[in-house]
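A.B. asks: Based on what follows, work out the 3D shape:
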Amino acid sequence: MKLALAQLDIAWEDKSTNKETALGFIKQAATEKADMILFPEMALTGFSMNTSLIGETNNETTEFFKELSSKFNISIGFGYVEGTSNSKNKYSVVSPSGVELVNYTKIHPFSFGEETEFYQSGSKIEFFKAFDFTIAPFICYDLRFPEIFQIASKTATLITVAANWPIERREHWITLLKARAIENQCYIAGINRVGEGNGLSYSGESMIIDPLGNIISSLYMEDGLIIADICKENVTQIRETFRLKKDRKEELYFNLYNQL
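C.D. replies: Residues are numbered from 1 along each chain as shown. The predicted structure is shown next:
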């Protein structure tokens with residue numbers, strides 16, 4: 001699969017401007033024959049708690065990306081907000097056939113940034129199949145919780161993390177993405193924004209990482225498209241050669257959790 005990540009400077013709470021920016025990225029990815037393009041968390045608004053403004057009850061963002069997916073024959077992943085109160089931080093992927101392949105709700109709202117006051121927590125890991133991969137999407141703060149990655153990687157060969165991750169914690173972003181690839185023996189795609197939003201600065205550093213933790217492609221401090229060819233057989237080979245998951249003791253871990 002030829003995978004593209006859109007690292008954009010998101011105009012704060014301005015869907016119209018961000019739609020134009022997204023269109024440019026999608027055109028470029030289609031020209032470069034990418035199979036799928038992934039956008040960051042809350043791709044058309046930035047990481048806002050203003051759910052009464054940015055929250056949707058009419059599937060506006062989903063319908064917008066469905067139309068472009070069909071027009072440019074490319075699958076598109078994007079983050080958006082569902083609902084104007086008791087909202088959900090969502091990530092969806094749509095295909096050129098008009099089908100929504102997955103719709104994930106962020107399991108771990110960011111309490112440090114008061115996200116828990118405005119957004120409900122999700123309770124399910126979601127999967128979809130595309131281009132020979134089984135893919136699981138997560139969102140931003142989810143990256144700090146390795147348990148859900150271990151569960152997802154029982155079947156997933158690619159895990160995506162769409163984010164608005166500030167520059168002040170950039171080393172955590174890089175280190176955790178690489179660790180998740182190594183410990184789960186799968187591809188990891190981290191999609192982050194750049195620029196300024198609501199007083200925060202973002203360095204981007206979107207990246208595609210192979211199952212051994214090597215960064216295949218990344219981009220720092222500028223908007224642009226990250227593209228890489230990835231192959232499911234690479235995941236299969238590494239998992240068969242180095243049987244890491246076979247040595248996990250999940251029943252023991254479960255019992256130790258209960259003891260605590």
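
A.B. asks: CA atoms for contacts and neighbours, from now on please.
C.D. replies: OK.

A.B. asks: Now do the strands in the stretch 101-250 of the chain.
C.D. replies: Along the stretch 101-250 of the chain, counting by DSSP state E, counting those that start in this stretch, strands occupy 119-120, 128-130, 133-139, 158-162, 187-191, 194-197, 200-209, 215-220, 224-229.

A.B. asks: To residue 68, which of those lies closest?
C.D. replies: strand 224-229 (17.0 Å; Cα to Cα).

A.B. asks: how about that closest one: buried residues?
C.D. replies: Buried residues in strand 224-229, counting neighbours by 16 or more other Cα atoms under 10 Å, are found at 224, 225, 226, 227, 228.

A.B. asks: wait, which of those is closest to residue 184?
C.D. replies: Closest to residue 184, out of all of the buried residues of strand 224-229 and judged by Cα to Cα, is residue 228, at 19.7 Å.

A.B. asks: Could you give the bridge partners of that closest one?
C.D. replies: For residue 228, the beta-bridge partners are residue 3 (DSSP bridges).

A.B. asks: got the contact list for it?
C.D. replies: Applying Cα atoms under 8 Å, 6 or more residues apart in numbering to residue 228 gives the contacts 2, 3, 4, 208, 216, 217.

A.B. asks: tally of neighbours for the fifth one?
C.D. replies: Same thing as residue 216. A count of nearby residues for residue 216, using other Cα atoms under 10 Å, gives 15.

A.B. asks: Model confidence for it, exactly?
C.D. replies: pLDDT, residue 216: 98.

A.B. asks: Could you list the low-confidence segments of the chain?
C.D. replies: Counting by pLDDT under 70, the chain shows no low-confidence range.

A.B. asks: From the contact counts, what lies against the longest helix anywhere in it?
C.D. replies: The longest helix of the chain (DSSP state H) is helix 15-31. Helix 15-31 makes packing contacts with helix 60-72, strand 224-229 when contacts are defined by 3 or more Cα pairs under 8 Å, 6 or more residues apart in numbering; DSSP states H and E.
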